[in-house]
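Coordinates only, no sequence provided:
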């Protein structure tokens with residue numbers, strides 16, 4: 001969902017040989033991950049506060065991994 005506003009979810013044999021096929025849009029996805037997003041925001045806010053107190057400046061940030069491609073994660077960073 002990093003590039004598209006909607007994505008398909010396909011899980012084979014989810015339970016008792018039942019498959020799951022559904023679509024989810026970005027707003028629904030972001031609603032489902034609200035709590036983890038709040039934790040990410042809190043950790044980064046605390047890190048920035050700590051760096052400011054120590055008078056350490058950040059020149060650049062390199063983000064890696066699949067999760068960092070999620071637009072809301074990029075906006076939090």
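That came through, no problem. Note that this is a predicted model, so its numbers are computed, not measured.

buried stuff in the top helix by length along the chain?
Ordering each helix of the chain by length in residues (DSSP state H) puts helix 34-53 first. For helix 34-53, the neighbour count (16 or more other Cβ atoms under 10 Å) marks 37, 40 as buried. For every residue, glycine as well, the C-beta is placed using N, CA and C.

Give me the contact list for that helix.
Residues from elsewhere that reach helix 34-53 (Cβ atoms under 8 Å, 6 or more residues apart in numbering): 30, 57, 58, 72, 73, 76, 77.

if we go to 10 Å?
Helix 34-53 is contacted by residues 30-31, 33, 56-58, 61, 67, 70, 72-73, 75-77 when judged by Cβ atoms under 10 Å, 6 or more residues apart in numbering.

In terms of secondary structure, what does the helix or strand following that helix contact?
Per DSSP states H and E, the first helix or strand lying C-terminal to helix 34-53 is helix 71-76. Under the contact criterion of 3 or more Cβ pairs under 10 Å, 6 or more residues apart in numbering; DSSP states H and E, helix 71-76 touches helix 26-32, helix 34-53.

Which parts of the chain belong to which domain?
Using automatic domain parsing, the domain parsing of the chain gives 1-32, 33-77.

ok, back up a step: please, a PyMOL command that selects the buried ones among the contacts of helix 34-53?
Here is the PyMOL selection string for the buried members of the contacts of helix 34-53, based on 16+ other Cβ under 10 Å:
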select buried, resi 70+72+73
